[in-house]
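> mind looking at a prediction? Sequence and model below.
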Amino acid sequence: MNNEITGAEIVLKSLAEQGVEVVFGYPGGAVLPIYDTLFKQNSIKHVLVRQEGGAIHAAEGYARSTGKTGVVLVTSGPGATNVVTGLTDAMMDSVPIVCITGQVPQHLIGSDAFQECDTTGITRPCTKHNYLVKDVNKLSSVFHEAFTIAQNGRPGPVLIDIPKDVQFASGTYEEKNKIIIPSHRLFEPSPDFEKNKIEEAVELISKAKKPIFYIGGGCINSGPKASKLVREFINMVGSPVTMTLMGLGVVGSSDKNSLGMLGMHGMYEANMAMHECDVMINIGARFDDRVTGRLDAFSPNSKKIHIDIDESNINKTINVDVPIIGDVKQVVEKMISIWKDRKYKIDTDSLKLWWDKINKWKEVDCLNYNNEGKQIKPQYAVQRLYELTKNTKTFITTEVGQHQMWAAQFYKFEEPNRWLTSGGLGTMGYGFPAAIGAQVGHPDALVVDIAGDASILMNIQEMSTAVQYRLPVKIFILNNEYMGMVRQWQELLHGGRYSESYTDSLPDFVKLAESYKAVGLRAKTTDDLDNVINQMIETKNTVIADIWVTKEENCFPMIQSGSAHNEMMLSKDQKQDKKSADKGKILV
Amino acid sequence: MNKSVYASPDQVSETKRHILTVLVDNEPGVLARVIGMFSGRGYNIDSLNVAEVSNDENISRITIVTHGTSEVVSQIEKQLLRIVPVHSVTNLDQEGSSVEAEVALVYIYISETNKKKVYQLCDLYRARKIENENNTTIFEIAGASERVNRFIKEINEITKVEIVRSGPVAISSIKKNEEE
């Protein structure tokens, strides 16, 4: 009996044993015992956000920039429902999160009590797993299992719902190493299971004439070592490589083999190479519809190798020839050793022909844009931001829309974990809180949220958080007074009827920053731009830089919905034929 | 093959009925996880059966009858395995490798004119009358779904009935090493 502590104390003790340094949260009635315990200790820092949605995106930014698990603490009812978007975002992009929610005391569950909701019911489809803990003695084992599940296999969010009476009740704490998690609840891949498949894959690569590596976020989730091994293997093969939005940074942008990003707004040469390759090596990507375009015309003549830790991604949308289930670093390590042992070498003549072809595609210069005049082009703004920050340790986050694609196209990433964006769910409002999380994890780094004027308003309240914790996050708004991507689709597919996509009555972002006691800067022409960026970098405070860009710029190149990789649109003048445009219109 | 918003390239295999056996930890919410996966991803459930099968290990067996192409059913199996409390998923579809049965309870509206026919039919199908305190004519019939279907069709031609069916349960009939 002497060893008993309260449920709230068990929560904090579990977090401490799991090595948690920071919790993003917002208090409320059903989590008061946990907040009371938090008050009495010093090992875990709490970052108070201004809306729970901010807490979970901050935890995502923290997790993705540090490789650790992000922890969120919110109350019952609205606290829990406000994190649903972030949980779904973390689910789609495989971000390890443990989210703790308070719940009304057990005797009130089901009575429509104040701030009651069916949290585990609501979050079941948007978490990897969730728990409603009814017994205080099970609390510590639930926590340890939750952290393991969040990080294990394909990472994801796990939610723990704790009724208030359980937080007050006394129980015993069990240490992490005393908990045995049954193996069926975890995913424990081994490259040995897939030995034959791996050998088959390596042999296929060695015989390729037109290979391409297609790299996804799974390589980043597998840890920095995975990126190193992937680079090493690609170098050994001498093959071109393209990355998804989530995979940017796995192979450096300046790497001679890199063709940059592929997909809807990817590079012309990357998409053409995907279309014409004879062997495709997908490592940690999932054939997302933003990447594949029209499925029946997707890379029609290639043998496909698919390395994924989640078996359900195999043959989900694209049938592959050699599936390998496993963790990227383990599988690629094995591939490298087989390649070396068997002294494989790819046919240099064919490879040269392949590169010649690719270099021809590069000559199209698909990112080319008209940069005349004093008005700032959004592409130019990102280019200047890159040039002026490339020698600093910089983390870039984004919101969702045109600015996100321009950031992906024009900012060059050399390292994994430096690029944080909402890929799968496409959550506007992600970037700013994610930047806060990244800054908490890397206090000395430069963290810039490349934002749009519409997206930034979705979580602008977090200005208060950034200023309170003296987080010198920079918000770089490409301000065109439109929901740019919506406007672009309306222009291309809906006859230019800009229905509700003009953002009228925008705040004065400079004054807005000042009202939060942050710094506001503005660039109206190209003459101001470099100055503003430099000033922004040098300011040791939260900054909003309001960059006025041309209003009706479109994001190109583009594979329109319903089109294939080899049907890229390079500019507005190149219209999709009406029939496929109409077919594409119903797609997202 | 897929649920992508983009057109599917090769929807070749035919839609068939499949019986899946899913072993799960018997914990709160596990059934909701399983059926939520089906509705959330747009798969079909034709029937569903859940019961605890092992007291000591706290494991339940869920039998799901679904239909779909082999590609869709393979996705269903993989998606089920992602659910944390799921131990295993077995597709019993392989022909001849499993036996299945279900139970139907049939309340038969009986009159002097149809009585003889009803009892003859029940005899033929080995449907058993269940004793009950009100002495109403409730029959139980067990067996493969098709047999139950045929019985119901024929009894319906004779008289009015009210039916409840369990949906099938099934077990693999592949010979196992029985020495324990």
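That came through, no problem.
> okay, now A:Thr172: neighbour count?
A:Thr172: 13 surrounding residues under other C-beta atoms under 10 Å in any protein chain shown. All C-beta spots, glycine's among them, are computed from the backbone N, C-alpha and C.
> OK, contacts around residue 121?
Just so you know, I chose chain A. B:29, B:32 (C-beta atoms under 8 Å, 6 or more residues apart in numbering or on different chains).
> please refer instead to chain B.
B:127, B:151, B:154-155, B:158.
> how about it, secondary structure?
helix (DSSP: H, G, I helix; E, B strand; the rest coil).
> name the nearest residue to the residue in the stretch 301-450 of chain A that chain B sits nearest to, ignoring sequence neighbours.
Evaluated by C-beta to the nearest C-beta, the stretch 301-450 of chain A has A:Ser312 as its residue closest to chain B, separated by 3.9 Å. Nearest residue to A:Ser312, sequence neighbours excluded (C-beta to C-beta, 6 or more residues apart in numbering or on different chains): B:Lys78, at 3.9 Å.
> which residues sit against the particular helix or strand that has that neighbour in it?
Using DSSP states H and E, B:Lys78 sits within helix B:70-81. If you take C-beta under 8 Å, 6+ apart as the criterion, helix B:70-81 is touched by A:311-312, A:314-316, B:1-3, B:13, B:16, B:18, B:20, B:22, B:34, B:37-38, B:41, B:43, B:66, B:68, B:86, B:88-89, B:91, B:93.
> enumerate the residues of chain A near chain B.
A:120-121, A:124-125, A:128-130, A:132, A:149, A:182, A:184-185, A:289, A:292-296, A:298, A:310-312, A:314-317, A:319, A:562, A:587-588 (C-beta under 8 Å from any C-beta of the partner chain).
> for those residues, which ChimeraX command selects only the ones that are buried?
Listed next is the ChimeraX selection for buried residues among the residues of chain A next to chain B, using 16 or more other C-beta atoms under 10 Å in any protein chain shown:
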select /A:120,124,125,128,129,130,132,149,184,185,289,292,293,294,295,298,310,311,312,314,315,316,317,319,562
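> just the residues of chain A next to chain B: which are in helices?
A:120-121, A:149, A:289, A:292 (DSSP state H).
> mind giving me the domain ranges of chain A?
A:5-185, A:195-362, A:378-548 (automatic domain parsing).
> find the nearest non-adjacent residue to the residue of the stretch 451-588 of chain A found nearest chain B, please.
Using C-beta to the nearest C-beta, the single residue of the stretch 451-588 of chain A nearest to chain B is A:Leu587, 5.0 Å away. The shortest distance from A:Leu587 to any non-neighbouring residue, by C-beta to C-beta, 6+ apart, is to A:Ser561 (3.9 Å).
> ok, now B:Ala32?
Using C-beta to C-beta, 6+ apart, the nearest residue to B:Ala32 is A:Arg124, at 6.3 Å.
> in the stretch 401-550 of chain A, which spans are helices?
A:402-410, A:431-441, A:453-456, A:463-468, A:484-493, A:509-515, A:526-538 (DSSP state H, counting those that start in this stretch).
> and if you look at chain B?
Under DSSP H, chain B gives helices at B:30-40, B:70-81, B:115-124, B:145-158.
> against A:His57, how distant is the residue nearest to B:Ala32?
21 Å (C-beta to C-beta, to the nearest Å).
> touching, B:Thr63 and B:Leu23? I think so.
No - look at B:Thr63 against B:Leu23 with C-beta atoms under 8 Å: they stay out of range, at 10.6 Å.
> higher neighbour count, those two?
Regarding B:Thr63 and B:Leu23, a neighbour count based on other C-beta under 10 Å identifies B:Thr63 as having more, with 22 against 19.
> gap between the more buried one and chain A?
19 Å (C-beta to the nearest C-beta, to the nearest Å).
> residue contacts, that residue?
B:Thr63 makes contact with B:19-22, B:48-50, B:167-170, according to C-beta under 8 Å, 6+ apart.
> list only buried entries from those residues.
The neighbour count (16+ other C-beta under 10 Å) marks B:19-22, B:48-50, B:167-170 as buried among those.
> rewinding a little: from the contacts of B:Thr63, pick the one nearest A:Ile537.
Comparing the contacts of B:Thr63 against A:Ile537 with C-beta to C-beta places B:Val22 closest, at 55.2 Å.
> my read: the closest one touches B:Val89, true?
Yes - assessed by C-beta under 8 Å, B:Val22 is found in contact with B:Val89 at 5.3 Å.
> Serialize the contacts of B:Thr63 to TSV and add fields for distance to A:Lys210 and pLDDT.
Output for the contacts of B:Thr63, formatted as TSV (distance: C-beta to C-beta, whole Å; pLDDT from 0 to 100):
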residue	distance to A:Lys210	pLDDT
B:Ile19	44	94
B:Leu20	41	95
B:Thr21	44	94
B:Val22	43	96
B:Leu48	48	95
B:Asn49	51	93
B:Val50	51	92
B:Gly167	52	93
B:Pro168	51	94
B:Val169	52	94
B:Ala170	48	92
